[in-house]
Each structure stands twice: as C-alpha cells, then as structure tokens.
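*Asks:* Based on what follows, work out the 3D shape:
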Amino acid sequence: MSCGCKPSSDGAACSTSKIEPCGKTDICGNSYKLSVFDWLSGVTSNKKEDCNLVEVRFKNDRKLLFKNNKNLPLSPGTIVTVEGSPGHDVGIVSLVGELVAIQKRKKDIKDEEILQIYRLSNAKDIEDWHFFREKERAVQNEARRLAEAHRLPMKISDVEFQADGAKIIFFYTSETRIDFRQLIKDLATTFKTKIDMRQIGFRQEAAKLGGIGICGRELCCSSWLTDFRSVNTNAARYQQLSINPQKLAGQCGKLKCCLNYELDSYMDSLSHFPPSNSQLLTEKGKAFCIKIDVFKGKMWFAYADKSMAWYDLDTKTVTRFLELNAKGEKCPALEEYVQKPVEKKSVDLIQENSVDRFEKKHHRKAKVNTNFKEGSKSNSYNKKKQVIENAAPENTVQKQGPKPNTNVKGKVFFKSRNKPSNG
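*Replies:* The predicted structure is shown next:
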C-alpha cells in the first residue's frame, strides 16, 4: 500500500501491507511528481457522474482518470487495479472529488475515453506489479542496444511495464521522424509482449525524469508545471538579459520556462517607456539608445561619434526630447541633463570587508579611579584639587601623593602618611 510517503521517481509503493491508506495520507500525500492540493475537498457536486471520477497516477508523471462505478471507498494513496488495454494495470489514487471533474474539463477528456476501476488491489496484484517493475531497467538497456544496432537517432528515456506484464510502454525523444517498425518487431520477439512506442518532447522528458535546476530547487516541470508555453528569445530581450544559450537553457536543452514568469510585468513596465530604438537629434549630433533599466526608469544614450560615453536620462526627459525632434527642433546636449549619482556610504556592520575581523584586538584599558562615585562630588573634587595644586609652592615635593578626605562638610584637607617627629 502506498501512502505517498516515499518520494521516488518510479512511483513505487511503500512497504505497508494494508489495503487501506495509512493515516499519513493527508500529510505526506503530496510527495509525488506533479502533486495537486485538493482545495475542493468536502465540496459535493450536483452531477453524480462527476463524483465517480478518480485520478490515478502511475510511474513518474503519468496520470489518467477512471470511473468508480462500484463506489469503492477510495482516498488519496489507495492502490487500485484499473482497466488496461489489454489486461489490467495497478496505480495509486492521487485525487478524488470535485477537483477531478475540473481536471477533466481542463484536459478536454471525453467520457468514452475514461476507463473504469476494477477493485482494490490484492496481494497478488501488488506482487506482480513489483515483479515487473524491477525488470524495467534491464529492458531499457536492451532496448537502447537494439536501437543503436538499427542506427536510429532516438533516445529511449523511460520504460514502463503494465502491472500484468501484457504491455510495455517505451518513451523516447527524437528530433526527426523515425521509422522504427523493425525495432518494434525485434522488441516484441525479445520480450514476448505488446510494445507501445510513445514519442515525447524534451520538456516532457525533463518532467518525467526530474532534476535540480540552476536555482537549487526541483524542476518546475517535474514539481508543479503541467502546461508548457512556448519560450523564445524575445522574452530574454524584454528582460534585458544577455543572449547566452548556456545560461538561458534548462535541463532539457531548451529555453527555461521561468523566463515567462515575469514577462508580463516587464511588458507592462516597458509600455510606459519610449521605443528602445529611439534616436535623439541633439545640438552635438545624433544619439542612439544603448541600454534600458526598467527598475530605475532610465535610458542610456550615446553619440554616434562617441559611442564609449553613455548618458543616462529618465523617461520623461526622453519623451520631451522626442517631442521636440518631432517639431523639427534640436534638443540640448545630453551632458546638461545627466543626473549626478549620489554617493551612499554603506556601514559594514558585520565587518565583511575587514581582513582582520577574526583576530582578537587587544585594547589598552584606561585606568579608572574607583575611590569616588560618578556625579557632582567627583567633579567638585577635581575642580578644588586643581585650585590647590595651582596655589601650592613649586619647591614642595612629596614622595607619595596625599589621600583626600571629604568626610567634613565640603572641606578638603590632606593627611600626611609620614609619622610626626618627636621634638
């Protein structure tokens, strides 16, 4: 029985031997690929046929909808035996309720295409399922060897056995159209079963196999992204990114899907900007737009004869200059409208730029006279001591300084430590 608590790429079940789902389904049931949070759980549907639909997941990201005509007690994580073509297959329930009907309308699935659920999987079904699942790696290696022997420009990226062993699905990628009729005959002769070849795109391959992106997180196509929108280099140009294929390409070798995430915000901001190919006719000659900063709202211009010197102007100034050029007037020199950058002094609180920040610094401690308390008494004493020292004769020398005594009201006098002499 699988509760979803084993996040694996092959979609295998955990070691629970019970038919009912474990109690961790609500917590860890979203650990598989392309998991969906059931935000409509508990909402009843007006159509009875929609409530009988159940989403079942198989290996990796393959999911199909099935009819629960027998009204079996199903919940996410339950292993069920479903109808196959031919035979039967074993999968894990991933979604139930009203949200399945929304998935049906979103994917435009017809009613006649939906198969039915036979029963809750018994021990024999699960045993056969695991037996054929362990053979998939060896079958994939043999299929790759046969494809290389036929010199077919294709890559067999994944192999999936049906739970009863009646069919093997081979997922492959290729840039050209392939005639693999002879390959299918050899595969059927070798494995003695029905062969199903399915071509997938490079993005679907990355979603099926999974991986870690340059951002350090799991691939979007493998974790939550289900629809693949076309991505072109214009998305990078609008976002002022350098056209570097090594940085813009993802694990699939195509442009990253995340380039489309903030594209609408950039397009909205650029709608308030003058055209990027704007030219200004100034008193010193023509100036061309070199760079645009969407966040600061500035545009950099350079003269045709002095392309190394750039001048930044805000969008309002550029718009005003373009209006002057449209009237046939020349705008002033760009040097007069360049804003001087304001230097901001940064405070290095954590001493990041300090070379000796880990060394112990020994500071000389100042000597503190603890005989007096801080306050008005110590200040008055210092003033009176200074007056007495100024009034004392120059030839008076003492070996050891006297100790002041202020026990008498406000009076200061000194006691000599030398014993009085007799006579």
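*Asks:* out of everything not next to it in sequence, what's closest to Arg62?
*Replies:* What sits nearest to Arg62 in space, not counting adjacent residues and going by Cβ to Cβ, 6 or more residues apart in numbering, is Glu160, at 7.2 Å. Just so you know, the C-beta spots here come from the backbone N, C-alpha and C atoms, and that holds for glycine as well.
*Asks:* chain center to whichever strand or helix holds that neighbour, what's the gap?
*Replies:* Counting by DSSP states H and E, the element that carries Glu160 is strand 155-161. Strand 155-161 sits 29 Å away from the centroid of its parent chain (Cα atoms, centre = their mean, to the nearest Å).
*Asks:* buried sites along that strand?
*Replies:* Using 16 or more other Cβ atoms under 10 Å as the test for burial, strand 155-161 gives 156-161.
*Asks:* wait, which of those is closest to Asp356?
*Replies:* Ser157 (54.5 Å; Cβ to Cβ).
*Asks:* Now do the same contact list for the closest one.
*Replies:* 171-173, 200, 205, 208-209 (Cβ atoms under 8 Å, 6 or more residues apart in numbering).
*Asks:* Greatest separation within those residues: which pair is it?
*Replies:* With distances taken as Cβ to Cβ, the most widely separated pair in the contacts of Ser157 is Tyr172 and Leu209, at 12.7 Å.
*Asks:* re earlier: would TSV of the contacts of Ser157 with pLDDT be doable?
*Replies:* Shown next, in TSV, are those (pLDDT from 0 to 100):
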residue	pLDDT
Phe171	95
Tyr172	95
Thr173	94
Ile200	93
Glu205	93
Lys208	90
Leu209	89
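*Asks:* Out of these, which comes closest to Cys252?
*Replies:* Among those, and counting by Cβ to Cβ, the member closest to Cys252 is Glu205, at 6.5 Å.
*Asks:* same for whichever strand or helix holds that closest one, what does it pack against?
*Replies:* Here Glu205, judged by DSSP H and E, is contained in helix 202-209. Identification of packing neighbours for helix 202-209 by 3 or more Cβ pairs under 8 Å, 6 or more residues apart in numbering; DSSP states H and E yields strand 155-161, strand 167-173, helix 220-223.
*Asks:* Low-confidence ranges, the chain, go.
*Replies:* The model of the chain has pLDDT under 70 over residues 1-31, 42-50, 339-343, 352, 360-423.
*Asks:* can you give me the strands in it?
*Replies:* Applying DSSP state E to the chain gives strands spanning 53-57, 63-67, 79-83, 88-96, 115-120, 155-161, 167-173, 194-199, 279-282, 285-293, 298-303, 311-314, 403-405, 413-415.
*Asks:* Out of these, which is closest to Leu324?
*Replies:* Of the strands of the chain, nearest to Leu324 by Cβ to Cβ is strand 279-282, at 8.5 Å.
*Asks:* Nothing else from me, thank you.
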